[in-house]
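[1] Task: produce atomic coordinates for the following.
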Amino acid sequence: MFLTLLSLLSAEPAQPPHRFVFLGAGRFAQYADMASLQPEGPGGRIRVFQVVEPDFRAGGTRYWGGWSWWRFDCDAGGKVDRLDFASVREGGAEGPATPDDAPPYDAVQGGDAFEMLVAACNPEDYDADAVTLEAAVAHGRAQLALN
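    Numbers count the residues shown, from 1 in each chain. Below you'll find the model as predicted:
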């Protein structure tokens, strides 16, 4: 019993569940994590994961893709602002995050940011395409193979 209790105390905390919604695929497959959605006024913040093709490497290290936090406005004009980027190595190790200092811009229909804005402003309209990072990577790579 003591060993069981000790193992529970030393276990890493469970990761919060994800709710990945596929936004589209071009050079990368994009997923909004609806579980990260944080409403703020007429918009909010959301985390988006981009999946890279299989065997993507940088400096000899294999990557799954990367995370970015975005701020968005659901009002007319639909401004979006990418706040940062954190790479994700194969296996799920993340970071560090690098700030993105580019100014906010209008989300233009047909672009990745527009798809993210529509999903973030209408989260009840979307079912999850994946609930783990590994499943999002597998789904995203299958989508990239179709392009």
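
[2] count of neighbours near Pro103?
    Per other C-beta atoms under 10 Å, the neighbour tally for Pro103 reads 6. The way it works is simple: take the backbone N, C-alpha and C, and place the C-beta from them, glycine included.

[3] can you check Ser68 too?
    Ser68: 19 surrounding residues under other C-beta under 10 Å.

[4] and Ala107, what is it in contact with?
    Contacts for Ala107 (C-beta atoms under 8 Å, 6 or more residues apart in numbering) come out as Phe72, Gly78, Lys79, Val80, Ala113, Phe114, Met116, Leu117.

[5] can the residues you listed go into JSON lines with extra columns for secondary structure, distance to Glu124 and neighbour count?
    JSON lines is the format used below for the contacts of Ala107 (DSSP: H, G, I helix; E, B strand; the rest coil; distance: C-beta to C-beta, whole Å; neighbours: other C-beta atoms under 10 Å):
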{"residue": "Phe72", "secondary structure": "strand", "distance to Glu124": "16", "neighbour count": "25"}
{"residue": "Gly78", "secondary structure": "coil", "distance to Glu124": "18", "neighbour count": "19"}
{"residue": "Lys79", "secondary structure": "strand", "distance to Glu124": "22", "neighbour count": "17"}
{"residue": "Val80", "secondary structure": "strand", "distance to Glu124": "20", "neighbour count": "22"}
{"residue": "Ala113", "secondary structure": "helix", "distance to Glu124": "21", "neighbour count": "21"}
{"residue": "Phe114", "secondary structure": "helix", "distance to Glu124": "19", "neighbour count": "17"}
{"residue": "Met116", "secondary structure": "helix", "distance to Glu124": "16", "neighbour count": "24"}
{"residue": "Leu117", "secondary structure": "helix", "distance to Glu124": "15", "neighbour count": "26"}
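
[6] shaky segments in the protein?
    Scanning the chain with the threshold set as pLDDT under 70 gives 1-16.

[7] which residue ranges form the helices in it?
    Assigned by DSSP state H, the chain shows helices spanning 2-10, 112-121, 133-146.
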